[in-house]
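K.L.:
The sequence and its predicted three-dimensional model are supplied below.
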Amino acid sequence: MSIYNFVLIYFLIGGFGIAMINRKSLHQEANGNRWKKYWVYLLLVLVQLFLIDKGWYLYFGGVVVLIGLYEIAIHIKQTKTLLLSWGVLLVAGGFYITFFYQNNILYQQLLFVTVVIFDGFSQLFGQLFGKTKLFPVTSPNKTVEGLLGGILSVMVTYYFIINAFHLDMLQVFVLGVFILFFAVLGDYLASLFKRLHQVKDYSPIIPGHGGILDRFDSLILASFGGYIALKLDFSNAYVFICVVYGIIIAVIFTISEILFHFYTIKVEITRKITHFLSGIVCLSFPYTLHNHWIGLLLCISFVVILWVSEKYHYLQSIHAIDRFSFGCILFPIAVYGCFFVYCTIYNHKIYFYLPIIILAISDPLAALFGKKFPIGVYRIGAIKKTLMGSVVFFLSCWVLVWIAFAQSTFPIESKVFKSIAISVLATFTEAISGKGFDNLSIPLVVELSLVLM
């Protein structure tokens with residue numbers, strides 16, 4: 001089966017979807033516009049596939065970038081903003097053209113078809129089932145349901161393409177992750193630009209679609225993502241490991257968002273679920289990361305992601321709380337700090353495992369029990385805690401420490417003393433730590449206790 005067949009099948013499915021949407025709509029003009037947009041898009045896609053097949057697409061890409069520069073110029077009058085916008089488009093456009101120049105035709109087709117299917121079916125699923133706004137401020141028509149529908153459609157497509165063309169599953173999977181991430185980012189940035197400059201469409205050059213940048217924003221930045229993905233050297237274990245950890249954490253964030261938006265689970269619970277799952281994943285570091293520099297790279301990456309998502313109100317399943325907290329930012333810092341101690345000072349896994357597993361298990365348990373059974377409310381300064389939460393923290397911490405010391409050669413009296421002492425210190429630290437600082441103070445106190453004892 002050729003790429004053309006895949007595209008035609010999906011356009012046929014899309015046509016049925018449009019027919020279903022139009023049956024529910026009483027606006028004849030809107031119905032006609034949907035069909036016009038559909039046929040123009042089909043023609044545009046087939047023309048581009050033909051150009052890719054003939055090896056001529058880079059010339060088409062050059063025209064796209066040039067028209068994009070013109071579309072930006074007609075909407076921006078400030079020189080600095082214009083030059084900055086041009087610079088961004090020229091860099092992204094350079095990767096866009098380079099991707100379609102350097103790579104073989106099959107990967108060019110794969111990237112193009114991925115963006116086409118994702119764009120088309122995310123819009124279709126959004127119109128049919130969309131309820132939850134993805135970008136409420138910048139792009140209110142985009143929905144979470146549409147995003148998930150687009151991703152699902154791409155996954156199904158990849159299953160058939162991998163088998164039909166005998167492609168490497170891991171490489172295609174990573175390529176797809178990068179393409180989709182940058183496609184969504186490209187669409188978001190284009191919407192943000194239009195929102196900031198009060199632009200509805202960049203131009204009327206494509207009937208039913210608007211301007212060149214309205215239609216090609218996702219593809220241009222997705223090409224940048226595809227270029228990076230195909231340059232990754234998976235024979236290098238560190239590259240592979242970083243990509244795998246990135247995907248795992250992205251899955252955890254996705255699970256948290258689904259629980260928050262679709263199952264209306266409270267943010268305090270989804271935060272703790274994310275906290276727990278992330279901590280458990282990090283316990284694999286001593287087996288997969290052989291120096292602390294890779295841990296530092298992962299730490300910095302996720303601190304940046306969490307800071308940006310909080311600043312721009314994304315990842316609501318983590319950030320939508322009614323109090324100020326540093327907890328999310330301090331969590332990866334604490335993980336790296338413990339891993340640094342393990343790698344460079346005390347080469348024994350307990351110096352990494354125990355602080356992190358107490359943070360991952362005891363802290364969420366204490367918070368959940370304290371909220372569910374608010375028995376014995378007390379205050380330390382402005383910090384409000386419950387006796388129930390503190391007792392649960394102490395008991396779970398004691399069990400974890402006891403298990404950690406179970407295989408040691410310490411006398412039984414020493415094990416009992418160490419377990420109780422560490423648990424008491426950790427519980428006291430949790431009780432006096434507010435605004436998320438317990439995510440750093442608890443591992444620090446446990447680490448110091450291990451060193452001093």
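P.N.:
Nice, thanks for sending it over.

K.L.:
Let me know how buried residue 440 is, in neighbour terms.
P.N.:
Residues contacting residue 440 under the criterion other Cβ atoms under 10 Å number 19. C-betas here are computed from N, CA, C, even on glycine.

K.L.:
Model confidence at it, what's the number?
P.N.:
What the model reports for residue 440 is a pLDDT of 93.

K.L.:
what's the distance between it and residue 431?
P.N.:
15 Å (Cβ to Cβ, to the nearest Å).

K.L.:
Over to residue 408?
P.N.:
Applying Cβ to Cβ to residue 408 and residue 431 gives a distance of 28 Å.

K.L.:
repeat for residue 133
P.N.:
Applying Cβ to Cβ to residue 133 and residue 431 gives a distance of 39 Å.

K.L.:
more neighbours, those two?
P.N.:
A side-by-side neighbour count of residue 133 and residue 431, using other Cβ under 10 Å, places residue 431 first with 20 against 14.

K.L.:
Report the secondary structure state of the more buried one.
P.N.:
helix (DSSP: H, G, I helix; E, B strand; the rest coil).

K.L.:
any idea which element the closest residue to residue 245 other than its chain neighbours lies in?
P.N.:
With Cβ to Cβ, 6 or more residues apart in numbering as the criterion, residue 245 has its nearest non-adjacent residue at 5.9 Å, and that residue is residue 298. Assessed by DSSP states H and E, residue 298 sits inside helix 292-311.

K.L.:
following that helix, which helix or strand comes up?
P.N.:
Past helix 292-311, the next helix or strand by DSSP H and E is helix 316-319.

K.L.:
which element follows that following helix toward the C-terminus?
P.N.:
Next along from helix 316-319, by DSSP H and E: helix 327-344.

K.L.:
residues making contact with that next one?
P.N.:
If you take Cβ atoms under 8 Å, 6 or more residues apart in numbering as the criterion, helix 327-344 is touched by 271, 275, 278-279, 282, 285-286, 289, 291-292, 295-296, 298-299, 302-303, 306-307, 310, 318-319, 348-349, 351-352, 355-356, 359, 435-440, 442-444, 447.

K.L.:
if I read this right, residue 189 contacts residue 224, doesn't it?
P.N.:
No - applying Cβ atoms under 8 Å as the test, residue 189 and residue 224 come out as separate, 11.6 Å apart.

K.L.:
Who has more neighbours out of these two?
P.N.:
Counted by other Cβ under 10 Å, residue 189 and residue 224 do not tie: residue 224 has more neighbours, with 22 against 17.

K.L.:
For the nearest residue to the more buried one once chain neighbours are set aside, give me its contacts.
P.N.:
Spatial nearest neighbour of residue 224, excluding adjacent residues (Cβ to Cβ, 6+ apart): residue 95 at 4.1 Å. Counting by Cβ under 8 Å, 6+ apart, residue 95 touches 223, 224, 227.

K.L.:
Going by distance to residue 372, which of the residues you listed wins?
P.N.:
residue 224 (46.5 Å; Cβ to Cβ).

K.L.:
where exactly do the strands run in the protein?
P.N.:
Secondary structure of the chain, counting by DSSP state E: strands at 133-135, 139-143, 377-380, 383-386.
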